[in-house]
Structures are given as structure tokens and as C-alpha cells.
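Colleague: Sequence plus the predicted model coming up.
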Amino acid sequence: MKKVNLILCIILFTVSIISCSSDDNEAPTSNQFQGTWVGTFSGNDDSGTWNVTVSETGTKNGTMYSTAFTSSYTVIGSVSASGDFSATAGATSGGAEFVGKLTGNQGEGTWKTLV
């Protein structure tokens, strides 16, 4: 009987160790588009460069430079987990709006001036 009790205790101890595993050591999930992105834009009215940093949560902040206005503007926006992005630069009544898609390490999209 002592052997049966000992075997049962060993089995219960083993099961309790296995069932108490912890996920505390898992690395946090990061956004696949996280990092610094740079590029150019051009169109009928303006052209220039932009530089943004995408955070782990998909928020993006940076700057754009307009050659037509010879000025830099703050860029604020977001990138979804699927790569869809939107951002505004400058003021909502006199800046620009960017929308597009990031794929891998490339992106494309459109922009328009806001009047």
C-alpha cells in the first residue's frame, strides 16, 4: 500500500509541475513595421521628403519637408497590423494627408494637400 501511495504522490507532483507552467518569459509582441521609414513624395503642387518612426503599437511620428514651402512639418499617424497607414502633416486646415500600404520593407500611397 505504501508503494501505491508513493506512486500516486509522484504522479500528482509531476502533474502539478506540468500544469503550473508560466508564460511570463515570453517576449512582447512587436509591430512588424516598427522602426524608421524614409521616403519622398511628389505631385502637381509640391514635393519633398519624409521621415517617420513607427512604434511597437503602430503609432508613427516624424517630419516631412516641403520644397514648395521650404518648411518642415510634424507627421502624426498610425500603421495597422496589416500595413495600412494614414498620417497628417502640418495643420488639418493647411497641411497634407498621406494614406497607403506598407509591405515588407516598402510602402506606397497617395497624398493630398488639405485646404
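Modeller: Received, thanks. Residues are numbered from 1 along each chain as shown.
Colleague: would you list every one of the helices in this structure?
Modeller: Secondary structure of the chain, counting by DSSP state H: helices at 2-19.
Colleague: Tell me where it is predicted with low confidence.
Modeller: Across the chain, the ranges flagged by pLDDT under 70 are 1-29, 92-93, 115.
Colleague: which residue ranges form the strands in it?
Modeller: Secondary structure of the chain (DSSP state E): strands at 35-42, 47-54, 59-66, 71-79, 84-89, 96-103, 106-113.
Colleague: how about a markdown table for those, with mean neighbour count added?
Modeller: Bear in mind the C-beta positions are built from the backbone N, C-alpha and C, glycine included. Below are those laid out as a markdown table (neighbours: other Cβ atoms under 10 Å):
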| stretch | mean neighbour count |
| --- | --- |
| strand 35-42 | 13 |
| strand 47-54 | 18 |
| strand 59-66 | 18 |
| strand 71-79 | 17 |
| strand 84-89 | 19 |
| strand 96-103 | 17 |
| strand 106-113 | 13 |
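Colleague: Not counting sequence-adjacent ones, nearest residue to T57?
Modeller: Spatially, and ignoring its direct neighbours in sequence, T57 is nearest to N31 (6.7 Å; Cβ to Cβ, 6 or more residues apart in numbering).
Colleague: Same question for K101.
Modeller: G83 (5.2 Å).
Colleague: quick one: the one you found from G100, how far?
Modeller: Distance of G83 to G100, given as Cβ to Cβ, to the nearest Å: 9 Å.
Colleague: can you check G109 too?
Modeller: Per Cβ to Cβ, G109 is found 2 Å from G100.
Colleague: list residues touching both of those two?
Modeller: Listed as contacting both G109 and G100 by Cβ atoms under 8 Å, 6 or more residues apart in numbering are F85.
Colleague: show me the residues around the residue lying closest to F85 once chain neighbours are set aside that make contact.
Modeller: Closest residue in space to F85, ignoring its immediate chain neighbours: V79 at 4.5 Å, by Cβ to Cβ, 6+ apart. If you count contacts by Cβ under 8 Å, 6+ apart, V79 has them with 31, 33, 54, 58, 60, 85, 102.
Colleague: cutoff 10 Å now
Modeller: V79 makes contact with 31-34, 37, 52, 54-55, 57-60, 85-87, 100-102, 107, according to Cβ atoms under 10 Å, 6 or more residues apart in numbering.
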